[in-house]
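[1] Build me a structure from this.
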Amino acid sequence: MQTRLRQPLPPGPLDIIGDVHGELGALKRLLSKLGVDWINMSVERPLVFVGDLIDRGPDSPGVVALVRSLRDAGLAWCVAGNHELNLLAHELKQGNGWARDQMPERFRLPFEGRMIEGIFDSVAASNEQRTEILEFISDLPVVLEREDLRVVHACWWSDAVAALPEYGEISELSERIQRQIDGELTSQGWIEKREKELSACARLKDPDAPPQTPPHAHVHVTERRQRLNPIRALTSGLERPLMEHEQADFKGGKWRYLRRLAWWEHYEQNPAVVVGHYWRSRSAVQDDNWATERPTDWAGPRGNVFCLDYSVGLRFAERSVGRSEFRGGLAAMRWPERLLVFDDREGFIETTRWAGC
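    Got it, this is the predicted structure:
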């Protein structure tokens, strides 16, 4: 299926919704607050989803079905996230067992300073649902844009945007580019070195056994695959190797020896950019990947880049420790008012440090 990879946003006011990660209940609560009637298919304003509709949460098939019905009715737009791309590529990732007929799927991971383990309480997709989900996400664009606003899942990098062909299917295009990258890395010996490293350290998937020495070939291969593949760069962001004083983190089911590059610190173009992906915190005292002073801050030298991922994808872990009031939330932004709405909090919250045009 050939999809236009850069598509226009609808005109006028919008409601932009952050990463959902299978949290169907949270999505319905949020949509209700936004005046959406998904039974009779009516909205107060068009909906725009930043991707990562799926994985980890209780009902990814239900989320996709709801978003697809809104999209098919001409009421919603959505870009692809890295979780959609992983599913299209049939990559085995933590929290996507619902789509691979591998339920129950267990997890074991560090959480708030301790190790926790449990089972992803997720609805498994039927064969028919899997087919419909793959058809839907294969038809998603990578970028939505208009004169005042850009929406992409993880990273607005002009070089990567410019490298996108006008039409394509995101998974096929990404795989073709990766084969080209891997061909060069193989000829240089990096792929063989990486396989030896991963074989010696349980493929980085044992939370109790970080590699004794940094896997340099793995880091090099991962960084090149990301930077040289525009689909990966835009849906997963750019990364850099760890500095000498930094330690690896165990996230997403594996040890990570790269850090996400804060591209937004160098974004100086006029259109505002709204992304997801970065596991932002709603607590002003907690460090997070986005690293603004306040959890409502815009970022970048022009104060016009905003992350809408407030870590609703952590609720599976919070439920496993018996929590009913969650640290993470599902957020929407009303544009152009720049107001936040959460599924589990009342009222509208003003964003801060906006300096855009």
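[2] Can you pull up the most central residue in the protein?
    Relative to the mean C-alpha position of the chain, the nearest C-alpha, by C-alpha atoms, centre = their mean, is the one of His277, at 3.5 Å.
[3] and the gap between that residue and Gly81?
    Computed with C-beta to C-beta, to the nearest Å, the distance linking His277 and Gly81 is 7 Å. Any C-beta I mention is one placed from the backbone N, CA and C, and that applies to glycine too.
[4] what ranges do the helices span in this protein?
    All helices of the chain, identified by DSSP state H, fall at 24-33, 60-72, 82-88, 127-138, 158-163, 170-187, 190-199, 216-227, 230-236, 315-320.
[5] Output the ones you listed as CSV; include the columns distance to Gly347.
    As requested, the helices of the chain are arranged in CSV below (distance: least, C-beta to C-beta, whole Å):
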stretch, distance to Gly347
helix 24-33, 9
helix 60-72, 24
helix 82-88, 30
helix 127-138, 33
helix 158-163, 35
helix 170-187, 37
helix 190-199, 48
helix 216-227, 39
helix 230-236, 32
helix 315-320, 21
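[6] and those as a markdown table, adding mean pLDDT and mean neighbour count?
    As requested, these are exported to a markdown table (pLDDT from 0 to 100; neighbours: other C-beta atoms under 10 Å):
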| stretch | mean pLDDT | mean neighbour count |
| --- | --- | --- |
| helix 24-33 | 99 | 19 |
| helix 60-72 | 98 | 20 |
| helix 82-88 | 96 | 24 |
| helix 127-138 | 96 | 16 |
| helix 158-163 | 96 | 14 |
| helix 170-187 | 94 | 16 |
| helix 190-199 | 92 | 16 |
| helix 216-227 | 93 | 18 |
| helix 230-236 | 97 | 25 |
| helix 315-320 | 95 | 20 |
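[7] wait, which of those helices is closest to Asp297?
    helix 24-33 (21.3 Å; C-beta to C-beta).
[8] now the closest one against helix 60-72, angle please.
    30 degrees (axes from the mean of the first three to the mean of the last three C-alpha atoms, to 10 degrees).
[9] Name the residues that touch helix 24-33?
    Outside of helix 24-33, the residues within contact range by C-beta atoms under 8 Å, 6 or more residues apart in numbering are 17, 20, 38, 47, 57-59, 62-63, 66, 312, 315, 329-332, 341-344.
[10] which of those are buried?
    17, 20, 38, 47, 57-59, 62-63, 66, 312, 315, 329-332, 341-343 (16 or more other C-beta atoms under 10 Å).
[11] what about Val273, neighbour count?
    Other residues near Val273 come to 23 when the count uses other C-beta atoms under 10 Å.
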